[in-house]
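Asks: the following comprises the amino acid sequence and a computationally predicted model.
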Amino acid sequence: MILAKGRFWRIASSRDAVILEIQKTSLPEELLELRELRIEVPLAKWNRVVKNVHSDRKLLGGLLLDFARHKDRVGQAAGNDRLLTELRRLTLEATAVLVEEGILQLSVCEPNEDAS
């Protein structure tokens, strides 16, 4: 199921993961090497991405690196302002759809509880 789609990114869900993919047709020429970038985040780890989506680009890129197939391309994607801005926006949209569909549940944590 497609959760969110922008000019550069498409975010979809499978049974147990959220998949972030670059849309090949809309990439500018200087970013064509990113066309195979696919990041598959297990649904159980999606909260880590959402918590850090607006943090430093290096922190977010490092987190996404854990789940990427082509690890060498994650840094370039996180370093590009247009790609990063759209990824941040679509991550929040995708999370809203996951909650609305009942795939992801929100819960309240105790102040001292680590919700990672």
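Replies: The structure has been received and is ready for your questions.

Asks: what segments of this protein are helices?
Replies: 46-52, 57-65, 71-79, 81-100 (DSSP state H).

Asks: do you know which of those lies nearest residue 26?
Replies: Closest of the helices of the chain to residue 26 is helix 81-100, at 10.2 Å (criterion: C-beta to C-beta). Just so you know, the C-beta spots here come from the backbone N, C-alpha and C atoms, and that holds for glycine as well.

Asks: what does the closest one contact?
Replies: Applying C-beta atoms under 8 Å, 6 or more residues apart in numbering, the external contacts of helix 81-100 come out as 3-9, 11, 13, 18, 20, 22, 31, 34, 46, 49-50, 53-54, 57, 60, 77-78, 104-106.

Asks: swap the cut-off to 6 Å and go again
Replies: Residues from elsewhere that reach helix 81-100 (C-beta atoms under 6 Å, 6 or more residues apart in numbering): 3, 4, 6, 8, 9, 11, 50, 53, 57, 77, 78, 104.

Asks: now do stretch 19-26
Replies: With C-beta under 6 Å, 6+ apart, stretch 19-26 has contacts from 7, 8, 10, 11, 12, 34, 35, 37, 38, 39, 40.

Asks: selecting buried members of those residues in PyMOL, what would you type?
Replies: Command for PyMOL, covering only those of the contacts of stretch 19-26 found buried under the criterion 16 or more other C-beta atoms under 10 Å:
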select buried, resi 8+10+11+12+34+37+39
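
Asks: just the contacts of stretch 19-26 now: which is nearest residue 69?
Replies: residue 38 (5.2 Å).

Asks: quick check: the gap between the closest one and residue 52.
Replies: Distance from residue 38 to residue 52, counting by C-beta to C-beta, to the nearest Å: 20 Å.

Asks: and if you look at residue 95?
Replies: From residue 95 to residue 52 the distance is 13 Å (C-beta to C-beta).

Asks: who has more neighbours, those two?
Replies: residue 95 (21 against 16; other C-beta atoms under 10 Å).

Asks: got a pLDDT number for that one?
Replies: pLDDT, residue 95: 95.
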